[in-house]
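Trainee: need a structure here:
(one chain, ligands or ions: 1)
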Amino acid sequence: MRTIDWVDGAVELVDQTLLPDKCVMLRVRTVDELVDAIQRLAVRGAPALGVAGAFGVVLADGDQAQIARLRAARPTAVNLAWGVDRAAAHLPEGREAVLAAALRVRDDDIAACKAMGERGADLLEGERLRIMTVCNTGGLAAVERGTALGVVQTLHERGRLAEVLALETRPLLQGARLTTWELGRMGAPHRLIADSAGPYLLAQGEVDAVLIGADRIAANGDTANKIGSYALALGAERAGVPFIVVAPETTIDQATPSGEHIRIEDRGDEEIVSFWGVRVAPEGTPTLNPAFDVTPHDLITAIVTDKRVIRP
Ligand SMILES: CSC[C@H]1O[C@H](OP(=O)(O)O)[C@H](O)[C@@H]1O
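Mentor: As a prediction, the model looks like this:
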């Protein structure tokens with residue numbers, strides 16, 4: 001199953017807001033529809049956003065204002081802007097050239113995820129590994145297979161996976177809704193945990209490696225990823241557990257020197273005062289809702305990309 005693709009002149013994508021109860025494909029024909037899908041996380045995950053951005057340039061049909069809106073739809077994942085730019089570079093050659101470039105972005109992502117799965121599984125030592133994850137980094141965050149969860153899938157295929165401890169990942173529950181759904185489809189052993197249990201289970205010796213994705217990797221290796229990643233990095237450092245980032249080369253942003261320069265998306269009050277749509281805090285409670293945090297490079301054991309292993 002492909003999370004996002006170009007089918008009969010439109011973008012087709014899995015509406016992830018309906019998972020795990022319903023797997024529904026959305027057909028997107030305009031930039032407005034695509035921006036909406038991106039901003040409500042019907043399509044999400046850095047690699048998938050890169051492909052969405054590239055296909056969106058085809059939908060924009062040369063309208064520069066629409067292209068600019070698409071490029072800015074979510075600020076933290078560098079892949080969105082990168083995908084838009086990669087397709088838009090071919091605008092002078094006409095629509096077919098833009099579409100061909102966007103299809104290459106899609107195909108490159110498929111190949112990159114396969115390569116990362118192999119490289120990450122090769123890097124990890126041990127025959128029965130217990131892996132901790134945060135958010136969702138499987139095929140739903142890419143076109144197929146994904147990044148960190150792609151390594152988990154390769155470990156499982158090789159018979160080297162003992163289990164996955166998946167953080168539920170408040171507030172949008174990508175772990176509880178999406179990662180468990182993907183692991184169930186893989187037949188991979190897993191248990192779901194509260195976000196705040198992560199550091200404790202690391203301290204208890206329950207984890208052999210933490211594998212996370214990335215939304216933007218600064219030139220010095222500082223990595224922006226889903227909120228909660230930094231807490232796991234601190235817990236992993238204290239527990240002496242490898243903390244590994246798995247991301248394609250396209251997530252490395254040489255133009256951003258270090259983590260303090262990465263813009264962190266704040267997604268507003270609703271997601272925090274409620275739990276998946278059921279309000280839990282008093283009406284009007286003010287909130288802070290950073291959707292990502294930044295792990296300093298010195299807390300990262302290795303960065304696995306589709307081309308190399310980087311040790312900061
Ligand atoms: C494979 S990268 C996925 C990356 O994107 C997620 O964020 P979101 O669900 O808000 O798009 C999270 O940071 C994942 O690590």
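Trainee: Show me what secondary structure element comes after the helix or strand residue 234 falls within.
Mentor: Under DSSP states H and E, the secondary-structure element containing residue 234 is helix 229-239. Reading on from helix 229-239 to the C-terminus, the next helix or strand found by DSSP H and E is strand 243-246.
Trainee: Quick check: which helices or strands does that following strand pack against?
Mentor: helix 95-123, helix 148-157, strand 209-212, helix 229-239, strand 302-304 (3 or more C-beta pairs under 8 Å, 6 or more residues apart in numbering; DSSP states H and E). For every residue, glycine as well, the C-beta is placed using N, CA and C.
Trainee: repeat that with 10 Å
Mentor: Packing contacts for strand 243-246, counted by 3 or more C-beta pairs under 10 Å, 6 or more residues apart in numbering; DSSP states H and E, involve helix 95-123, helix 148-157, strand 209-212, strand 223-226, helix 229-239, strand 302-304.
Trainee: Compare those and give me the one nearest the ligand.
Mentor: Nearest to the ligand among these is strand 223-226 (3.5 Å), distances taken as C-beta to the nearest ligand atom.
Trainee: Flag every residue of the chain that's near the ligand.
Mentor: The chain comes close to the ligand at residues 41, 44-47, 135, 137, 141-142, 146-147, 174, 212-213, 215, 225-226, 291, as judged by C-beta under 6 Å from any ligand atom.
Trainee: if we go to 8 Å?
Mentor: With C-beta under 8 Å from any ligand atom as the criterion, the chain meets the ligand at residues 41, 44-49, 74, 76-77, 134-138, 141-142, 146-149, 172, 174, 212-215, 224-226, 229, 246-247, 251, 265, 291-292.
Trainee: Among those residues, which lie within strands?
Mentor: 212, 224, 225, 226, 246, 292 (DSSP state E).
Trainee: sorry, back to before: show me what counts as buried in the helix holding residue 234.
Mentor: Residues of helix 229-239 classed as buried by neighbour count (16 or more other C-beta atoms under 10 Å): 229, 230, 231, 232, 233, 235, 236, 237, 239.
Trainee: Can you lay out the ones in strands among the residues of the chain next to the ligand as JSON lines showing neighbour count?
Mentor: Output for those, formatted as JSON lines (neighbours: other C-beta atoms under 10 Å):
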{"residue": "212", "neighbour count": "27"}
{"residue": "224", "neighbour count": "29"}
{"residue": "225", "neighbour count": "29"}
{"residue": "226", "neighbour count": "25"}
{"residue": "246", "neighbour count": "28"}
{"residue": "292", "neighbour count": "25"}
